[in-house]
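# Sequence isn't available, so here's the structure alone:
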């Protein structure tokens, strides 16, 4: 029986996300990103469409690779201005009951101790509906903002990330017993001190010796998302991720990465099926194929080619302002996002990209595919993509907000339900359980489980 298709909405607390220039469209409301009603209304729309979650992107730093300055990014609203994504979650959780929230946070510039408390706080306030998208960064502008000359080398960032994960796991899983909070009114004891201990970790890059400030939250460790698809990123995802966000323009780019992550997960002793993989895509749909095609043509009138190349320059570390529009893109090794350059050079040997084609493709929805047509046509395209790549679902970027998500909820979801490919109700429990987990806590094969209270002692006694 075909597996249920999973859908995330992909957005950012910014005026421009994956479709540079589309903020100018008369029906686009993304410029309202700094007002709460925009987000609470979006959350209600997504929950009505039974989306698994809202995946909130973030980037520290400005896209200043294109032309060697931030001017193009500022001019076109290319992911700037942008605000903190985490502060949106409580408001959206208050108007929903089931929608999950994936929050991007860059561990390179985020001290682990306060970050662990922030995520525990969100897990409490959402009643277990929060996840963390683990990123290590790709912009030198972010490093300079943090007082560094430039970012660490690409693969070194993942070595640092491994230690960071151990620190937060030790805080989330090991500091408090499940029953530490006793609320004993008669004795005047809120928390039993004997059931709380400092998390202690010392490594090359991080050390901690502190009691976690938050009592155990519903999931303890939030659902772990990861978006790196370079070889180093896939290794990190196979060890830690429960959900993987994968971006690429074609089946030939995506399928080998999916296979590699699942094989690596098995080598780590994990069940490959425990990793839910979402492929970046944009859906443009309407009552008929003709109506959807007309809608896409209308959207393309507002694309900013320079804004698209500004994004791609930041993702790849290559200044596309130095290329002619009809020049072929050649592979260049940089310390930015490795998979972003692979996507337009070596990932699909049958496709040769010019700079103009990159700008046109990235202009609506970023580097992922665009599925356009009637609900039946788009459903066929999604089915074919899943069959060819073995992904579990889609991280859906918008062209026009919130119209793109409203169209998916109104047109596409009923068609997928009619085919038996989409849920008709949310599963009960935490985000982890809604995504298929056996309980609110990480699986026993996940590395965070090794930090659970009593686990090490039990293993030592065996």
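Cool, the structure landed. Owing to the predicted nature of the structure, the values given are computational and were not obtained by experimental measurement.
# Show the pLDDT at residue 462.
Listed pLDDT for residue 462 reads 34.
# Please name the residues that touch residue 272.
Residues in contact with residue 272 (C-beta atoms under 8 Å, 6 or more residues apart in numbering) are 261-263, 265-266. For the C-beta atoms, the positions are set from N, CA and C on the backbone; glycine is no exception.
# now residue 407
283-286.
# State the pair within those that is farthest apart.
Using C-beta to C-beta, the pair of the contacts of residue 407 lying farthest apart is 283 and 286, separated by 10.5 Å.
# quick one, which of these two is more surrounded?
residue 283 (27 against 20; other C-beta atoms under 10 Å).
# can you tell me which residues contact that one?
By C-beta under 8 Å, 6+ apart, the residues touching residue 283 are 370-372, 378, 394, 396, 404, 407-408, 412.
# can you tell me which of the contacts of residue 407 are in strands?
283-285 (DSSP state E).
# In TSV, list those along with pLDDT and distance to residue 194.
What follows is those, written out as TSV (pLDDT from 0 to 100; distance: C-beta to C-beta, whole Å):
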residue	pLDDT	distance to residue 194
283	98	54
284	98	59
285	98	58
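# Could you export those residues as a markdown table, including distance to residue 27?
Output for those, formatted as a markdown table (distance: C-beta to C-beta, whole Å):
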| residue | distance to residue 27 |
| --- | --- |
| 283 | 16 |
| 284 | 13 |
| 285 | 15 |
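# circling back to that earlier point, narrow the contacts of residue 272 to those in helices?
261-263, 265-266 (DSSP state H).
# Generate a PyMOL selection restricted to the buried entries among those.
Here is the PyMOL command that selects the buried residues among the ones in helices among the contacts of residue 272 (16 or more other C-beta atoms under 10 Å):
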select buried, resi 261+262+265
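# Pipe the ones in helices among the contacts of residue 272 into a markdown table and attach distance to residue 354 per row.
Formatted as a markdown table, the ones in helices among the contacts of residue 272 follow (distance: C-beta to C-beta, whole Å):
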| residue | distance to residue 354 |
| --- | --- |
| 261 | 30 |
| 262 | 34 |
| 263 | 34 |
| 265 | 37 |
| 266 | 39 |
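# Nearest to residue 430, out of the ones in helices among the contacts of residue 272: which one, please.
So of the ones in helices among the contacts of residue 272, ranked by how close each gets to residue 430 (C-beta to C-beta), first place is residue 265, at 21.3 Å.
# Please, which helix or strand holds the closest residue in space to the closest one that isn't next to it in sequence?
Distances taken as C-beta to C-beta, 6 or more residues apart in numbering place residue 238 nearest to residue 265, at 4.3 Å, with adjacent residues excluded. Assessed by DSSP states H and E, residue 238 sits inside helix 231-240.
# Look up which residues are beta-bridged to residue 224.
For residue 224, the beta-bridge partners under DSSP bridges are residue 132.
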